[in-house]
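**Q** Attaching a predicted model along with its sequence, questions to come.
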Amino acid sequence: MDASAVVFYLSLIALGVLIGRYLLPTSLDRKTRLAVTKATAAVKLEESLAQALEKLAAEEEVVSALLRTLPATAARLSQCKSLDDVAQAVGDAAMTLLGAKEAIVLAAEGSHLRPIWSRAPGVGDLKDPIRMPGGRIEEMLTAGSVLSRDDLRDAEIHPLSPDFWVPIGSRGELKGVIHLSQIAAKTRDAPRLAALIAQMGGISFRAIELTDRLGSFNKQLEAMVHERTIDLRRAYEELKELDRAKDEFISSVSHELRTPLTSIRSFSELLLTFADDERDRRREFLSIINDESKRLTRLIDDVLDIAKIESGQTEWRLQRLDLGELVRNVVELQRPSGEERKLNLKVELSPALNIVIADRDRIKQVLVNLLSNAVKFSHPGGDVVVSARMESGEAVVTVTDQGIGIPEKDRQRVFMRFQQLGDATTGKHPGTGLGLAICKEIVSRHGGRIWVEDNQPRGCRFSFTLPALPEHKPDSE
């Protein structure tokens, strides 16, 4: 039945009602009055039917709009790469579905809501965050409830004046709010439809956050893998270098051990052939055997020392130590060797040299090693100076020579285990290459540092530090 037919039919009925009420005589029979009553009821029924049809058409239009909007919005959200993209997608969808003239999407950040998308001419360019309404309003938003203008009447959210606030949430966590105002289609389903759009937005917000978190984790993981790869490569190179050094050490130690053993064996065999009256020759050979035995002992001691220090089996006997007295003692012990090589050994001690806490035997071992190296590598007629001074609360001991020196590229390597620097004549010097490595370990265990520098015009300076007591106290105290 089209609209014109309904109007025509209703007009006829209305005309009948008028005739029955005013033109027919009051004495009409009961049957006629009943017919008029039925006609009136029919008019009312038709009016109700017309209203129902109109409402049904409006509901059908809403459903059609929903069916058109939701798939398109879902497809758009699946392509979003950022929160701003998600905000624009849900804002556009809500405006289209509800006929809203103003929409703002605000992201929840702590105690504030920050605008991330806006299409609200009446509000203007909204950039500054607004404070999140606390109490009941925040609880309702977190619970997923859509808030109307009446719910927000007392909230301080100026310059906003919404018809609805629709929460964007995921797993009970408030991610943001869709602000809607000036809604053209005032249907009872408007809040439900807006909440559906917001729910889709909440899922996308969560997906973007997880993607960002995964991307950040992947970057951290890549950085860690890169760092560990570099560490492993460095460790591999160090192991290769250590393996090479050990091979050289084994070769060197084998040679160094074989040399004194060969001498001891050879001269021992010769002694067995000499007569008792050849005392001078016997004394000479015994002296050689004694020297080679000492040399052999030093080689073995070096190997045992580095092994014990690295394994933590070394006992450290810390005590108050007068460093000046120890320096003078070591220099006097090495003076005969220096005189043999025509070297002048000197001592230079600062008068303000403080007492240190150290293992006397181990520090003496360091001094002996540095001083014997200086004597061994110095040119005849030169000076070897051992000095001690205070510097920045530390005692600094320096051994300076005028010998062959050490190239700058090798100054760190000399403190590595099994390292030996050769010269142009012999290719290498006698020894295991452990002496300076042992010195470094001993000084480090005392909390100090050891290094080597140039001594212009020739030679080098070996220095090491030891923590000193705040002020000088006599050893007798």
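**A** On my side now, so go ahead.
**Q** Look up how far Leu345 lies from the nearest residue in space to Ser372 that is not next to it in sequence.
**A** With CB to CB, 6 or more residues apart in numbering as the criterion, Ser372 has its nearest non-adjacent residue at 6.3 Å, and that residue is Gln334. All C-beta atoms are positioned from the backbone trio N, CA, C, and that covers glycine. Distance of Gln334 to Leu345, computed by CB to CB, to the nearest Å: 7 Å.
**Q** So which residues of this structure form strands?
**A** Counting by DSSP state E, residue ranges of the strands within the chain are 100-109, 112-119, 130-131, 147-148, 164-170, 173-183, 318-321, 344-349, 356-359, 383-391, 394-400, 450-454, 460-467.
**Q** Now do the fifth one: distance to the chain's middle.
**A** Its chain's C-alpha centre and that of strand 164-170 lie 36 Å apart, by CA atoms, centre = their mean, to the nearest Å.
**Q** Please parse this structure into its domains.
**A** By the record's domain assignment, the chain is partitioned as 3-66, 69-214, 318-467 (automatic domain parsing).
**Q** who touches both of Gln334 and Leu345?
**A** 371, 375 (CB atoms under 8 Å, 6 or more residues apart in numbering).
**Q** just to revisit the earlier point, can you tell me which of the domains of the chain has the worst average pLDDT?
**A** Ranked by mean pLDDT, the domains of the chain bottom out at domain 3-66, which scores a mean of 56.
**Q** List the residues that contact Ala198.
**A** For Ala198, the set of contacting residues under the criterion of CB under 8 Å, 6+ apart consists of 90, 94, 166-169, 178.
**Q** Which pLDDT value belongs to the residue nearest to the spatial centre of the chain?
**A** For the chain, the residue nearest the mean C-alpha position is Gln220 (7.7 Å; CA atoms, centre = their mean). Reading off the confidence values, Gln220 has pLDDT 89.
**Q** which one of the strands of the chain lies closest to Glu284?
**A** Distances from Glu284 to each of the strands of the chain were compared using CB to CB; the minimum, 28.3 Å, belongs to strand 344-349.
**Q** still on that earlier bit, would you convert the domains of the chain into JSON lines that also reports distance to Ser293?
**A** Listed next are the domains of the chain as JSON lines, based on distance: least, CB to CB, whole Å:
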{"stretch": "domain 3-66", "distance to Ser293": "103"}
{"stretch": "domain 69-214", "distance to Ser293": "70"}
{"stretch": "domain 318-467", "distance to Ser293": "15"}
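**Q** Between the ones you listed, which one is closest to Ser266.
**A** Across the domains of the chain, Ser266 has its closest neighbour in domain 318-467 (18.1 Å, CB to CB).
**Q** Quick one: residues contacting the residue nearest to the centre of the chain.
**A** By CB under 8 Å, 6+ apart, Gln220 lies in contact with nothing.
**Q** before we move on, what about Ala103?
**A** With contact taken as CB under 8 Å, 6+ apart, Ala103 is in contact with 91-92, 94-95, 118-120, 178-181.
**Q** Using neighbour counts, trim those residues to the buried set.
**A** Neighbour counting with 16 or more other CB atoms under 10 Å marks 91-92, 94-95, 118, 120, 178-181 as buried within those.
**Q** Max pairwise distance over those residues: which two?
**A** Taking CB to CB as the measure, the buried ones among the contacts of Ala103 span a maximum distance of 15.4 Å, between Asp92 and Ser181.
**Q** Pull out the CA atoms of stretch 273-288 and give them to me as PDB.
**A** Output in PDB follows, covering the C-alpha atoms of stretch 273-288 (Å, rounded to 0.1, in the frame of the first residue of the first chain):
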ATOM      1  CA  THR A 273     136.800 -37.400  33.400                       C
ATOM      2  CA  PHE A 274     139.100 -34.800  35.200                       C
ATOM      3  CA  ALA A 275     141.700 -35.800  37.600                       C
ATOM      4  CA  ASP A 276     141.600 -34.500  41.200                       C
ATOM      5  CA  ASP A 277     144.600 -32.300  40.600                       C
ATOM      6  CA  GLU A 278     142.800 -30.200  37.900                       C
ATOM      7  CA  ARG A 279     141.000 -28.100  40.600                       C
ATOM      8  CA  ASP A 280     140.800 -24.900  38.600                       C
ATOM      9  CA  ARG A 281     139.000 -26.500  35.700                       C
ATOM     10  CA  ARG A 282     136.700 -28.400  38.100                       C
ATOM     11  CA  ARG A 283     135.900 -25.100  39.900                       C
ATOM     12  CA  GLU A 284     135.200 -23.400  36.500                       C
ATOM     13  CA  PHE A 285     132.800 -26.200  35.400                       C
ATOM     14  CA  LEU A 286     131.100 -26.300  38.800                       C
ATOM     15  CA  SER A 287     130.500 -22.600  38.600                       C
ATOM     16  CA  ILE A 288     128.900 -23.000  35.200                       C
END
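**Q** ok, and for it, which residues are buried?
**A** Along stretch 273-288, these residues count as buried under the neighbour rule (16+ other CB under 10 Å): 282, 285, 288.
**Q** okay, the second one: pLDDT?
**A** Here, the pLDDT recorded for Phe285 equals 80.
**Q** Return the residues in contact with the closest residue to it other than its chain neighbours.
**A** Nearest residue to Phe285, sequence neighbours excluded (CB to CB, 6+ apart): Phe267, at 4.3 Å. For Phe267, the contacting residues are 285-286, 288-289, taking CB under 8 Å, 6+ apart as the criterion.
**Q** wouldn't Leu257 be in contact with Thr297 here?
**A** No: using CB atoms under 8 Å, Leu257 makes no contact with Thr297, being 11.0 Å away.
**Q** for the domains of the chain, which one sits closest to Lys240?
**A** With respect to Lys240, and counting by CB to CB, the nearest of those is domain 318-467 at 13.3 Å.
**Q** Verify the contact between Ala107 and Ile178 for me.
**A** No: using CB under 8 Å, Ala107 is not in contact with Ile178; the gap is 11.0 Å.
**Q** By neighbour count, which of the contacts of Ala198 wins?
**A** Taking other CB atoms under 10 Å as the neighbour criterion, Val166 ranks highest of the contacts of Ala198 with 31 neighbours.
**Q** List the contacts of Leu296.
**A** Per CB under 8 Å, 6+ apart, neighbours of Leu296: 257, 260-261, 264.
**Q** can you give me phi and psi for Asp322?
**A** In this entry, Asp322 is assigned phi and psi values of phi -80, psi 100 (degrees, to the nearest 10).
**Q** Reformat the contacts of Ala198 as TSV; add distance to Asp322.
**A** Output for the contacts of Ala198, formatted as TSV (distance: CB to CB, whole Å):
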residue	distance to Asp322
Val90	82
Ala94	87
Val166	84
Pro167	79
Ile168	77
Gly169	76
Ile178	82
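**Q** Pull the most distant pair out of the residues you listed.
**A** Greatest spatial distance among the contacts of Ala198 (CB to CB): Ala94 and Gly169, at 15.2 Å.
**Q** mind listing the helices for the stretch 251-400 of the chain?
**A** Listed in chain order, the helices found in the stretch 251-400 of the chain under DSSP state H, counting those that start in this stretch are 279-311, 323-340, 360-377.
**Q** Looking at those, spot the one closest to Glu394.
**A** helix 323-340 (11.0 Å).
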